[in-house]
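Peer 1: missing the sequence, but the structure's below:
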Ligand SMILES: [Zn+2]
């Protein structure tokens with residue numbers, strides 16, 4: 001057993017993209033087994049989802065946005081969703097994930113439930129069949145075994161470490177689709193169609209704990225900072241905090257800054273002004289509230305589809321923001337204490353089929 005607790009974030013349904021403080025829970029292993037121990041019969045498959053991990057919901061969190069469409073379905077704006085107190089709310093975004101609590105495997109085909117149970121024996125995990133398990137498709141064919149497995153880590157995994165190791169997860173569980181390791185992907189809690197309760201299955205095992213440090217570092221981080229940018233960084237070394245991007249200084253350094261117009265609003269030259277009628281440089285603003293993701297807006301119709309971020313990424317390369325971001329020290333892995341210190345790491349290869 002472990003006395004560690006697990007941080008889970010819940011969402012109302014698949015359209016819910018807001019990380020709410022009231023959706024964040026902390027469970028013991030025993031509580032998790034109890035929570036996932038029973039399927040809820042529901043007609044609507046789109047029920048509550050969970051993410052096994054923790055999110056940044058503070059002032060540096062990237063806000064959840066809603067797209068606004070005009071005539072003809074044309075996207076006219078994407079604005080932050082505000083709560084009753086007119087505050088921005090953190091988005092269900094990979095950039096806001098802080099720690100990952102374990103691996104969630106989502107098996108839709110090709111992995112027999114009975115085999116999975118045998119192969120996972122001895123590894124601490126909990127599993128349950130998903131909504132479509134053994135249901136029939138339109139032609140009357142069975143969809144076969146469909147299930148989900150949560151394999152907790154012995155200690156929470158910092159998000160940067162997870163990104164480096166998730167390739168190893170897909171190699172450890174080859175019957176699982178790679179998308180199961182995507183950050184900020186939600187998974188439905190146990191549910192089944194009404195009347196199918198007898199087909200639903202849950203199980204768990206408490207044995208060895210999967211230690212994320214046993215997973216090899218394979219893949220590259222999602223955002224690769226070019227070496228020359230790293231060397232020139234004026235604000236020290238360590239993890240780049242992308243959300244701290246100083247857009248005002250960046251625009252000033254590029255000669256695109258005009259003046260502060262009010263509060264956090266700044267008049268700037270549109271980077272795309274060569275396409276404005278008469279090539280006028282007026283009519284663009286930058287909204288840069290400290291601790292919030294900055295917003296660029298150009299009023300010229302030519303720029304209706306202009307993407308400020310993609311523009312500079314294409315112009316300067318993927319690490320273009322790094323010099324204008326604050327940095328924080330990396331989490332020191334050596335200070336984290338594993339729950340199963342001294343034990344052999346779990347491997348599927350030493351499990352035999354019956
Ligand atoms: Zn413009």
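Peer 2: Noted; the coordinates are in hand. Predicted, not measured: the structure shown is a model, and the values here were computed from it.
Peer 1: Assign a three-state SS to residue 251, would you?
Peer 2: Look at residue 251: counting by DSSP: H, G, I helix; E, B strand; the rest coil, its state is helix.
Peer 1: how about it, what does it touch?
Peer 2: Residues in contact with residue 251 (C-beta atoms under 8 Å, 6 or more residues apart in numbering) are 257, 266, 268-269, 286. From N, CA and C alone the C-beta is placed, and that goes for glycine too.
Peer 1: For the stretch 201-350 of the chain, which segments count as helices?
Peer 2: Assigned by DSSP state H, counting those that start in this stretch, the helices in the stretch 201-350 of the chain fall at 227-232, 247-253, 308-316.
Peer 1: Dihedrals phi and psi, residue 40?
Peer 2: Dihedral pair for residue 40: phi -90, psi 120, per degrees, to the nearest 10.
Peer 1: In contact with it, which residues?
Peer 2: 47, 189-192.
Peer 1: How is the chain partitioned into domains?
Peer 2: For the chain, automatic domain parsing gives the domain ranges 5-222, 246-320.
Peer 1: Can you give me the first-to-last residue distance of the last one?
Peer 2: What it means is domain 246-320. Length of domain 246-320, first residue to last, C-alpha to C-alpha, to the nearest Å: 12 Å.
Peer 1: which stretches of the stretch 51-200 of the chain have low pLDDT?
Peer 2: Residues of the stretch 51-200 of the chain that meet the criterion pLDDT under 70 lie in 59-60, 75-77.
Peer 1: 90 instead?
Peer 2: Where the stretch 51-200 of the chain drops to pLDDT under 90, the residues are 56-91, 93-98, 108-111, 134-143, 158-184.
Peer 1: Would you map the helices across it?
Peer 2: 113-119, 159-172.
Peer 1: Just name the most buried of these.
Peer 2: Among the helices of the stretch 51-200 of the chain, the stretch with the highest mean neighbour count (mean count of other C-beta atoms under 10 Å) is helix 159-172, at a mean of 19.
Peer 1: Would you mind naming what in this structure lies close to the ion?
Peer 2: Within the chain, the positions lying close to the ion (C-beta under 5 Å from the ion) are 270, 272, 298, 300, 303.
Peer 1: My read is that the fourth one contacts residue 274, right?
Peer 2: It stands for residue 300. No. Under the criterion of C-beta atoms under 8 Å, residue 300 is not in contact with residue 274, lying 11.1 Å apart.
Peer 1: And the two? Which one has more around it.
Peer 2: Taking other C-beta atoms under 10 Å, residue 300 and residue 274 do not tie; residue 300 has more neighbours (17 against 9).
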